[in-house]
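# Return atomic coordinates for the entry below.
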Amino acid sequence: MVIKIILVGKTDRSEIASLFDDYLGRLKHYTRLEVIVIPDLKNRKSLSDDQQKTEEGRLILKQIENSDAIVLLDECGQMMSSTEFASYLQKKMNGGIRQLVFIIGGPFGFSDEVYAIAREKFSLSKLTFSHQMVRVFFAEQLYRAFTILRGESYHHR
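Now for the predicted structure:
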């Protein structure tokens, strides 16, 4: 199974980008991983929030294949513990899914069109984080899940 992470906008803080890249490097030992960054919209200051979501959604949809299992990282999504998330990933891998796609939207969330194609929504916390910080938290949780599945000592319980 390939895990694809689609991100809206680049990370403008080198510290955040460095942490994210560190976890991506670690994850490559466990799974095939693809990261796609949807570029920041050029004229976003002249667009309303809804127009930005619509345009970002159009760009996200271009990266999706019909057979993809789509999971949105969304504040209204299901919350899981780290061990539950590891079990979730194991079920997906056992289920024969070719590509599991996690999408981290921009600061205003997702368009209706993106919500329509999502099979599931997942929330990292009841707290609100910047979409840039979510990248690091999610990459760390993916890494933690794989170490749990392998019985490695990273996750202490």
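# hey, where'd the strands end up in this structure?
2-8, 32-38, 69-78, 99-104, 120-122 (DSSP state E).
# Mind listing the strands the last one pairs with, and their directions?
Under the criterion DSSP bridges, strand 120-122 sits next to strand 69-78 (parallel) in its sheet.
# now the angle between strand 2-8 and the partner strand, please.
Orientation of strand 69-78 against strand 2-8 (axes from the mean of the first three to the mean of the last three C-alpha atoms, to 10 degrees) gives an angle of 60 degrees.
# For strand 69-78, buried residues please.
Within strand 69-78, the residues that qualify as buried are 69, 70, 71, 72, 73, 74, counting by 16 or more other C-beta atoms under 10 Å. Using the backbone N, CA and C atoms, a C-beta is placed for each residue, glycine as well.
# mind listing what the last one touches?
Think residue 74. 105, 109, 110, 121, 122, 123 (C-beta atoms under 8 Å, 6 or more residues apart in numbering).
# Repeat the analysis, applying 10 Å as the threshold.
With contacts defined as C-beta atoms under 10 Å, 6 or more residues apart in numbering, residue 74 is in contact with 103-105, 109-110, 114-115, 118, 120-124.
# How about residue 79?
Contacts of residue 79 by C-beta under 10 Å, 6+ apart are 85, 122, 123, 124, 125, 126.
# And it, its phi and psi?
phi -100, psi 140 (degrees, to the nearest 10).
# how close does it get to residue 29?
Residue 79 is 27 Å from residue 29, where distance means C-beta to C-beta, to the nearest Å.
# do the same with residue 89
From residue 89 to residue 29 the distance is 15 Å (C-beta to C-beta).
# and what of residue 125?
To residue 29, residue 125 is 26 Å away according to C-beta to C-beta.
# Same check on residue 116?
From residue 116 to residue 29 the distance is 35 Å (C-beta to C-beta).
# buried subset of the contacts of residue 74?
Buried, going by 16+ other C-beta under 10 Å: 103, 104, 105, 109, 110, 114, 118, 121, 122, 124, out of these.
# wait, the fourth one sits on residue 60?
When you say that, I think you mean residue 109. No: look at residue 109 against residue 60 with C-beta atoms under 10 Å: they stay out of range, at 11.7 Å.
# overlap in contacts of those two?
Common neighbours of residue 109 and residue 60 (C-beta under 10 Å, 6+ apart) are 8, 53, 72.
# Same drill for residue 89 and residue 29, tell me which one is more crowded.
residue 89 (21 against 10; other C-beta atoms under 10 Å).
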